[in-house]
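Asks: Fold the stuff below for me.
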Amino acid sequence: MSGPARSVIIHGHFYQPPREDPWFDVGGREPSAAPYHDWNERITAECYRPNARARILDEKDRIIDIANNYSRISFNFGPTLLSWLERHDPFAALERTAGRVAHGIAGAARAAGIPAVGAAVGSMVGVFFRESAPRSFEEAKTSDAAAFARFHREMLARGVFLAPSPFEAGFVSTVHGEAEVEATLAAATEAAHATRG
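Replies: Numbering: from 1, shown residues only. Below you'll find the model as predicted:
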């Protein structure tokens with residue numbers, strides 16, 4: 001007889017205290033955070049960013065997967081992040097990056113002779129292997145799932161981890177800069193040609 005179902009809920013509390021000069025609302029250099037400018041930069045580089053791309057290793061220390069440790073936890077944030085968002089407003093840049101990735105991947109597929117259309121909303125990215133953008137889930141289900149699966153495997157082989165289903169969205173973040181976008185689109189070009197065979 002089995003016992004009651006159990007769940008584990010992980011909650012992260014990500015909060016950095018304000019370090020800005022109270023008179024000027026700007027942060028100064030913090031020598032103890034070297035080689036970084038300040039502790040917010042150091043904690044991002046050493047803690048937050050690595051957890052967004054955590055390496056899963058096999059017994060020989062080879063990377064077998066990359067996991068986003070934030071994707072399956074609940075978390076909150078404090079007023080420091082809200083103030084940063086208000087000052088820096090990353091959302092327009094996120095939308096531009098998402099659009100470049102979605103439409104760039106679809107363009108690479110079309111150039112290889114595979115019908116595809118990209119879709120981006122906010123930081124969400126989707127690529128449908130079909131002639132036109134779906135307007136309903138019924139239309140989305142007519143996408144070429146087999147071609148998507150082959151393309152997905154080819155992208156994995158090139159180090160790009162897409163959402164694993166043609167019906168899931170991927171997401172870009174503020175750490176996806178020009179170099180990451182270009183590498184993704186170069187991989188998509190190769191993967192599309194390999195998918196087409």
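
Asks: mean confidence score for the longest helix belonging to the chain?
Replies: Looking across the chain with DSSP state H, the single longest helix is helix 91-111. Mean pLDDT, computed over helix 91-111, is 96.

Asks: same thing with stretch 126-144?
Replies: Rounded mean pLDDT across stretch 126-144 is 92.

Asks: re earlier: dump the longest helix of the chain to CSV, restricted to CA.
Replies: Extracted C-alpha coordinates of helix 91-111, given in CSV (Å, rounded to 0.1, in the frame of the first residue of the first chain):
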residue,chain,number,x,y,z
PHE,A,91,11.5,44.8,-21.5
ALA,A,92,11.8,46.5,-24.9
ALA,A,93,15.2,44.9,-25.4
LEU,A,94,13.8,41.5,-24.4
GLU,A,95,11.1,41.9,-27.0
ARG,A,96,13.6,42.8,-29.7
THR,A,97,15.8,39.8,-28.7
ALA,A,98,12.9,37.4,-28.7
GLY,A,99,11.8,38.6,-32.1
ARG,A,100,15.3,38.2,-33.5
VAL,A,101,15.6,34.7,-32.2
ALA,A,102,12.1,33.5,-33.2
HIS,A,103,12.1,35.0,-36.7
GLY,A,104,15.8,34.2,-37.2
ILE,A,105,15.3,30.5,-36.4
ALA,A,106,12.2,30.3,-38.6
GLY,A,107,14.1,32.1,-41.4
ALA,A,108,17.0,29.6,-41.1
ALA,A,109,14.5,26.8,-41.5
ARG,A,110,12.8,28.4,-44.5
ALA,A,111,16.1,29.0,-46.2
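
Asks: Show me how this structure divides into domains.
Replies: With domains defined by automatic domain parsing, the chain comprises 11-88, 91-196.
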